[in-house]
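Peer 1: predicted coordinates and the sequence they were generated for:
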4 protein chains.
Amino acid sequence: MNTLGNKLKVTIFGQSHAPAIGCVVDGLPAGFAPDMDRVSAFMSRRAPGQNTWSTPRKERDTPEILSGLVEGRTCGAPVSMVIRNADQRSKDYSGLKRTPRPSHADYTAIIKYGNDYDVRGGGQFSGRLTAPLCFAGALAIQLLEQRDILIAAHISEAGGVSDISPDFARVSREELAALLRKPFPVFSDEAGVRMRQAVEAARMDCDSVGGVIRCFAVGLPAGIGEPMFGGVENRLAGALFGIPGVRGVSFGTGFTAAGMRGSEHNDPFVMADGRVSAMTNHAGGVLGGITSGLPLVVNIAVKPTASIAREQNTVDLQTRTDATLVIHGRHDPCIVPRAVPVAEAVTALTVLDMLLEE
Amino acid sequence: MNTLGNKLKVTIFGQSHAPAIGCVVDGLPAGFAPDMDRVSAFMSRRAPGQNTWSTPRKERDTPEILSGLVEGRTCGAPVSMVIRNADQRSKDYSGLKRTPRPSHADYTAIIKYGNDYDVRGGGQFSGRLTAPLCFAGALAIQLLEQRDILIAAHISEAGGVSDISPDFARVSREELAALLRKPFPVFSDEAGVRMRQAVEAARMDCDSVGGVIRCFAVGLPAGIGEPMFGGVENRLAGALFGIPGVRGVSFGTGFTAAGMRGSEHNDPFVMADGRVSAMTNHAGGVLGGITSGLPLVVNIAVKPTASIAREQNTVDLQTRTDATLVIHGRHDPCIVPRAVPVAEAVTALTVLDMLLEE
Amino acid sequence: MNTLGNKLKVTIFGQSHAPAIGCVVDGLPAGFAPDMDRVSAFMSRRAPGQNTWSTPRKERDTPEILSGLVEGRTCGAPVSMVIRNADQRSKDYSGLKRTPRPSHADYTAIIKYGNDYDVRGGGQFSGRLTAPLCFAGALAIQLLEQRDILIAAHISEAGGVSDISPDFARVSREELAALLRKPFPVFSDEAGVRMRQAVEAARMDCDSVGGVIRCFAVGLPAGIGEPMFGGVENRLAGALFGIPGVRGVSFGTGFTAAGMRGSEHNDPFVMADGRVSAMTNHAGGVLGGITSGLPLVVNIAVKPTASIAREQNTVDLQTRTDATLVIHGRHDPCIVPRAVPVAEAVTALTVLDMLLEE
Amino acid sequence: MNTLGNKLKVTIFGQSHAPAIGCVVDGLPAGFAPDMDRVSAFMSRRAPGQNTWSTPRKERDTPEILSGLVEGRTCGAPVSMVIRNADQRSKDYSGLKRTPRPSHADYTAIIKYGNDYDVRGGGQFSGRLTAPLCFAGALAIQLLEQRDILIAAHISEAGGVSDISPDFARVSREELAALLRKPFPVFSDEAGVRMRQAVEAARMDCDSVGGVIRCFAVGLPAGIGEPMFGGVENRLAGALFGIPGVRGVSFGTGFTAAGMRGSEHNDPFVMADGRVSAMTNHAGGVLGGITSGLPLVVNIAVKPTASIAREQNTVDLQTRTDATLVIHGRHDPCIVPRAVPVAEAVTALTVLDMLLEE
């Protein structure tokens, strides 16, 4: 349920307003000395309150390592980490159990867990739970780098504005490294400006917008993945839908492929620098569930933030009548930018797990 | 790898040109008497050679039950089944190991398995392996019906032509039952005609087209699924990418959600006939990984058939030079119609597995 | 690796000298209000330093709950818990990497994890890691009680002294409840005195003794468990060997069955109070991997404590020559009494997991 | 349930009187050319009707390979195999549902599966299901030999007679190879004679005897296995209890360790031929769940055959009164000799799976 992976297992725990959130990362190779400054920097990309497009809630997302590291190196035991929840204002959330917020998990969680469900701040469904996921992913990213595998994502669409797309067959480490340095990761900074304008316009309208994240992995060896239910797509999709708000996962040209002809969509193989490559990479680096050695390209659709400042229709579960609801507090009008490192983290964890399984 | 499910485990085996293909279905409740005529009818929806839009290869897809049934009823032991491969023409496939077909698994399988990979007819990557999946799914569908759950899919897009879409919040059993009776499952028969024209046009051009399948499950109780990595989306996506040719999986409005505003996309709850329902169902019946009781809606993007009759560029793995390839034999210009029952089968198996786990 | 269970998953983390040890318990039903005083009391049965037969190391085994409980009730999210390691004397353990202690995991862990293995206090192989296991088990025991299932174990052998054995077919809740109240859990207190004398004699000899724990579960419904690899025995044995020092697991008459004839060993069914029972229960409550409704009886062989105060032969891994070693510090001359609640905990967790899976 | 393993997955199917039994072996490396004569020879060690100490039922245990092999070599796809059940006499077994046989799975299976349980010949609980397990194990044994790992077992006890025991620290490939050539695998042929006399005496008394199998694996590298729940013992015990009739599993000195002192039981390390070895191997080759490089030694207690020719007490499940039962047909008075290759097979499959996971 809250555990991801086979050889590399990440178990996430916590709720938005519990004393703490955290994770256990089991299966890391011993002798690995993670660069903790880089882990923090990676986690801060996800943290809220940094700019106008994210929620002003301030968190002290300082991970405390409880086990698994000795003098900064992994020792073979699981790495466990907790983050204390500093900002636990004890306001009254009980109303949310009566009038569930539309398009949140309140209603389904109450059905599943009954009245004991911790509705405060979204409980275990809170986006806050992606912080430990980013911690674990930051470790995986460093281990992948040791194998010359680079993972980076861009916002390929937000608020109806599309970023330009690199050539899937030839996206370079340099392009991806540049992406990782940007606070708003897009290839076209001009598109990025328009995206932020669209987000801001939604915010002014007490509304929100969604978007699409496209994540790349370059340097993956060919031959990773298993047929049928053990394919790279199965594994990545099975993991990425764990990120709150994700509504779709596709590879390469994804849903666009459905409208293409075979002669357009097929990726002809070609020799390049003595290696087997392909003229195009509509497949997104996976054929039959197995990596081809070309860049892995995965697209992740993120819905518009469900918490909007407008009055909304809902039901009163106590009186079982129609009702209205106004969600107070401030929320990200677009969670896509903060979800970018989460997508990278989950991709990295899954890819590393598959590599460790080979 | 070739096993799907937790409580209900389906193991698929076989290659296109092996003596047989088959499956083992473990975890079915004892005392279930499947209607074998309906199983056959379901399987024949996937079988080739029935009409102009599918490959003329004739298969005698007669499943032989080897175990698990006693006088037509499950006994608690795994149900195992084999289908003999009747049409095993022993033509020479060795060339495919030298010049891998673009956008097929030939190349990645050779990287993974070496020269021993069974390239004949696509080996274990052949669409033929979906026949046992349909057998298992047909059993699951009957068990779901006993729980008043109905599963049916339509071709929502093929060859660039879109079907009309029902209201996700209110799609009815009657509409779905009608769909299941159609040889070409679309809501708009006029759209279906145009789809088939597009497929035929591609065939005449020695080309192929892709499409999108949308699968519904109505009658699912609210509260099924687990948070994070155990959600309905995680499980379904992790399974559906096992179908050859699938490039994307999304729920409800899917990738379209990315371009919507929260005020449009949110599904306001509303009381209907004394029950909690929602005005819209953009979420596709899942919130926070857990079913809401509204219809489950999953969209599956299928790429255009990779086997086209045109000359294509590829590489010669022996000489390590560029080469060309012409794929002989006849292939479906569009696999989407035959993939519809497969999508239903995989959805049914996954949904039933999750129900059995509760 | 460090995760136990399917529906109820317990993940253990920590090392003997890490900042903390702890666990994540995922899959508990929501709305459960554990009696924390009883959890503490259960954990204190395992804690060291309480009497002459256990190590004087003082631990403040105070579990701090980090998540999963709201106002004392489970909310559906994983329950996570940490125990700070108070007694972390920073003595020099590096010698143990050169001269591994016989019959400890030092050598095999160094082979597996290399020089980064945390050898301090046995690292992740320390018996201390059973404290979080007892925490999780204490929760499971309370949930089992709600289903009228009682779990209790006795020391059936220690230091060569055997306890008397109850009738496996008729062991009563009262007998087991009495056992749970005893600081030294044996049916015959006289045998218990002699066991402690044997332990004390070993301690005076700078030596140690082993023993056998027999754990009972009464009240289990018939029909729990799966055939072949999913049987109650498979599951319990697969879990119980996770307790440090366990060398064997058997059911009912166990290895003694090997020397019996079928006419002696068979358990004839008999009606008792209108219910199907059996005259004897050599099977230990499991037939074909499935519970029979009779008491579950599992025997667990525990080796003598490997840490003894005598000089021992070993090797110097640096010089690769023979060497000698003296283990300093004080250790339990017999870990069996402290392992009793651990055996109950693991049995309870496994049995509850299997019940939740049904 | 009926699937064993992680990277190497074996799924067993069939019932004693179903049309067939068989297995699917997924995860074998591609390019492996099994010696099928040796597979047959291995399987025939388990087959009945060969000598006076086993049941005269004649089976044509000819495995038919359905997939996974191309020209005798594995191709990466699962190897599937069926054995037709030739000897399906259609006698009336329905009585067994009324009067369950003591110490068989009849009763618990009826509780679990209801009246649809296939009681004929023990259904899926029949020892016959170990034939496909031996097939899979025979493949694993050949793959282990390629890694210089040899697996062989002896009957260490049967009918109250004990075989001599080799030195666990120094058992040689030659000794084990000799064992594998013997029709009745014991180190002391004189003990073997007495064992067979004890079996024959039981048979004359319409009774049966049990025994203990001790299985060795030599050549295993040090460092295989995971701590806690992923140890070699956890994995092997979790698998070996899948063999019908197994009542206990222990390692090295096993339950005997419980009566030893630490100074006796500890295995002092010693250099031997420049390698780390140990003076004794009471641990049976595993420390902390991880292999030490010394021979792996696992002991498996097997109960006396439950089917004996004497009248036995049981209950009538229909009238719910006490009843008596006479089991007709002929049965092995001791299943231990035929269980020896099964124990080797399960050990080989588990060890190979763990090696493939590293």
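Peer 2: Arrived safely, thanks for sending.
Peer 1: in chain A, what spans have low per-residue confidence?
Peer 2: Within chain A, the ranges that satisfy pLDDT under 70 run A:49-60, A:87-92.
Peer 1: helices or strands up against the helix or strand harbouring A:Val193?
Peer 2: Taking DSSP states H and E as the definition, A:Val193 sits inside helix A:189-204. With contacts taken as 3 or more Cβ pairs under 8 Å, 6 or more residues apart in numbering or on different chains; DSSP states H and E, helix A:189-204 sits against strand A:150-158, strand A:161-162. C-beta coordinates here come from the backbone N, C-alpha and C atoms, glycine included.
Peer 1: show me what contacts A:Arg147?
Peer 2: Taking Cβ atoms under 8 Å, 6 or more residues apart in numbering or on different chains, we find A:Arg147 in contact with A:219, A:355.
Peer 1: ok, now the one 3 residues further on?
Peer 2: Applying Cβ under 8 Å, 6+ apart, we find A:Leu150 in contact with A:144, A:173, A:176-177, A:216-219.
Peer 1: how about JSON lines for the helices and strands packed on helix A:189-204, with distance to B:Leu317 added?
Peer 2: Formatted as JSON lines, these follow (distance: least, Cβ to Cβ, whole Å):
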{"stretch": "strand A:150-158", "distance to B:Leu317": "27"}
{"stretch": "strand A:161-162", "distance to B:Leu317": "38"}
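Peer 1: looking at those, which is buried most?
Peer 2: strand A:150-158 (a mean of 26; mean count of other Cβ atoms under 10 Å in any protein chain shown).
Peer 1: A:Ala140 and A:Leu349 touch, don't they?
Peer 2: Yes. With contacts counted by Cβ atoms under 8 Å, A:Ala140 reaches A:Leu349, the gap being 4.7 Å.
Peer 1: now for these two: what residues contact both?
Peer 2: With Cβ under 8 Å, 6+ apart, A:Ala140 and A:Leu349 have common neighbours A:Leu8.
Peer 1: so between those two, which is more surrounded?
Peer 2: Using other Cβ atoms under 10 Å in any protein chain shown as the criterion, A:Ala140 and A:Leu349 rank with A:Ala140 on top: 29 against 26.
Peer 1: for chain C, see how far away the more buried one is.
Peer 2: Distance of A:Ala140 to chain C, computed by Cβ to the nearest Cβ, to the nearest Å: 17 Å.
Peer 1: who does the closest residue to A:Glu157 other than its chain neighbours bridge with?
Peer 2: Sequence neighbours aside, A:Val212 is the residue nearest to A:Glu157 in space, at 4.1 Å (criterion: Cβ to Cβ, 6 or more residues apart in numbering or on different chains). Beta bridges link A:Val212 to A:Glu157, A:Ala301 when assigned by DSSP bridges.
Peer 1: for A:Val212, give me its contacts.
Peer 2: A:155-158, A:299-302, A:336, B:255, B:258 are the contacts of A:Val212 under Cβ under 8 Å, 6+ apart.
Peer 1: distance of the residue lying farthest from the centre of chain A from chain D?
Peer 2: Within chain A, the residue lying farthest from the chain centre (Cα atoms, centre = their mean) is A:Thr319, at 37.6 Å. The gap separating A:Thr319 from chain D is 44 Å, by Cβ to the nearest Cβ.
Peer 1: swap in A:Ala306?
Peer 2: 38 Å.
Peer 1: is it true that that residue touches B:Gly262?
Peer 2: Yes. Counting by Cβ under 8 Å, A:Ala306 touches B:Gly262, with 6.2 Å between them.
Peer 1: which one's more surrounded, those two?
Peer 2: B:Gly262 (28 against 25).
Peer 1: can you list the residues of the stretch 101-250 of chain A near chain D?
Peer 2: Proximity of the stretch 101-250 of chain A to chain D is confined to A:Pro227 under the rule Cβ under 8 Å from any Cβ of the partner chain.
Peer 1: smallest gap between the stretch 101-250 of chain A and chain D, at which residue?
Peer 2: A:Pro227 (7.8 Å; Cβ to the nearest Cβ).
Peer 1: list the contacts for that residue?
Peer 2: By Cβ under 8 Å, 6+ apart, the neighbours of A:Pro227 are A:288-290, B:1-2, B:105, B:109, B:124-125, D:76-77.
Peer 1: from A:Asn313, how far out is it?
Peer 2: 47 Å (Cβ to Cβ, to the nearest Å).
Peer 1: again, but for A:Val209
Peer 2: 21 Å.
Peer 1: one more: A:Thr74?
Peer 2: Distance from A:Thr74 to A:Asn313, by Cβ to Cβ: 51 Å.
Peer 1: the two: who's more crowded?
Peer 2: Between A:Thr74 and A:Asn313, counted using other Cβ under 10 Å, A:Thr74 has the larger neighbour count: 23 against 17.
Peer 1: chain neighbours aside, what residue packs nearest to that one?
Peer 2: That would be A:Phe32: by Cβ to Cβ, 6+ apart, it lies 4.5 Å from A:Thr74.
Peer 1: ok, A:Ile21 next?
Peer 2: A:Gly14 (2.8 Å).
Peer 1: that neighbour against A:Ala20, yeah?
Peer 2: Yes. Counting by Cβ under 8 Å, A:Gly14 touches A:Ala20, with 5.9 Å between them.
Peer 1: now do the shared contacts for these two.
Peer 2: With Cβ under 8 Å, 6+ apart, A:Gly14 and A:Ala20 have common neighbours A:83, A:85, C:66-67, C:80.
Peer 1: how about those residues in JSON lines, adding neighbour count and secondary structure?
Peer 2: Output for these, formatted as JSON lines (neighbours: other Cβ atoms under 10 Å in any protein chain shown; DSSP: H, G, I helix; E, B strand; the rest coil):
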{"residue": "A:Ile83", "neighbour count": "22", "secondary structure": "strand"}
{"residue": "A:Asn85", "neighbour count": "20", "secondary structure": "coil"}
{"residue": "C:Leu66", "neighbour count": "25", "secondary structure": "strand"}
{"residue": "C:Ser67", "neighbour count": "28", "secondary structure": "strand"}
{"residue": "C:Ser80", "neighbour count": "33", "secondary structure": "strand"}
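Peer 1: go back to those and keep what's next to chain D.
Peer 2: Within these, nothing lies near chain D by Cβ under 8 Å from any Cβ.
Peer 1: anything in the lengthiest helix in chain A near chain D?
Peer 2: Ranked by residue count under DSSP state H, the longest helix found in chain A is helix A:336-357. Yes. Interface with chain D: helix A:336-357 contributes A:Glu357 (Cβ under 8 Å from any Cβ).
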